[in-house]
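1. After the sequence you'll find the predicted model.
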Amino acid sequence: MRQSIALLLSCLATSQAFTANITPVVRSNTRLFAGDSDKEGGAAIAKPKVGVKVEQITKQKAKSVQKRKSKPSDPINRREDDFEDAPMFKVLLIGDESYDQAHVIERMCELMDDMDENQAASIFKQAQAGGDAMCGKYPLEIAELYKEQLVRSDPMIFSDVQEDKA
């Protein structure tokens, strides 16, 4: 029996040797108070011993220049109108013997707002006699539009756009 107790004690001793000895960590909850005294807990927030001087600088506003009063009859001009005229381009009708006069005159009157049948007839005759005739002067986009619409008509009407150098 003594041997069994000794054996049991030796087993216990060796088993404790291989186990980790974990001791619980006790944390105390301390609070820091910013009071006048340290009776309540930790240290108070430090107050600076040196005074801070704040300097304010004020500036006076300059008097604004009074606007000139205009008479009711004077127009208000808020800005200078500095516009350049758009470059103008000539739409030329190119003469061709295969044209049908009625078709060309009709299409020119439909497409070009400022043209009547008499003007279209005289332009058609000039184009047939001289090879080409000017239909009008327009900004680039409008001139190209007229040219494209004349080319798309059925049967096709040939035209050209040239820059007006005058």
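-> Yep, that arrived. Numbering: from 1, shown residues only.

2. now the strands for this structure?
-> 88-94, 132-139, 159-163 (DSSP state E).

3. out of those strands, deepest packed?
-> Of all the strands of the chain, strand 88-94 carries the top mean neighbour count, a mean of 20, counting by mean count of other C-beta atoms under 10 Å. No exception for glycine: its C-beta is placed from N, CA and C like everyone else's.

4. Tabulate the strands of the chain (TSV), appending distance to V151 and mean pLDDT.
-> Supplementary listing: the strands of the chain in TSV, determined by distance: least, C-beta to C-beta, whole Å; pLDDT from 0 to 100:
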stretch	distance to V151	mean pLDDT
strand 88-94	10	95
strand 132-139	13	94
strand 159-163	7	95
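
5. Is it possible to get CSV of those that adds distance to D82?
-> Shown next, in CSV, are the strands of the chain (distance: least, C-beta to C-beta, whole Å):
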stretch, distance to D82
strand 88-94, 19
strand 132-139, 19
strand 159-163, 23
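
6. Distance-wise, check the closest residue to K137 other than its chain neighbours relative to A143.
-> Once flanking residues are discounted, K137 sits nearest to M88: 4.4 Å by C-beta to C-beta, 6 or more residues apart in numbering. M88 sits 8 Å away from A143, taking C-beta to C-beta, to the nearest Å as the criterion.

7. How about E97?
-> For E97, the distance to A143 - C-beta to C-beta - is 25 Å.

8. Those two: which has the busier surroundings?
-> With neighbours defined as other C-beta atoms under 10 Å, E97 and A143 compare such that A143 has more, 24 against 5.

9. Might you report the residue contacts of the more buried one?
-> 89-91, 161 (C-beta atoms under 8 Å, 6 or more residues apart in numbering).

10. mind running it again at 7 Å?
-> Shown in contact with A143 (C-beta atoms under 7 Å, 6 or more residues apart in numbering): 89, 91, 161.

11. got it, and Y138?
-> So Y138 contacts 88-89, 91, 146 (C-beta under 7 Å, 6+ apart).
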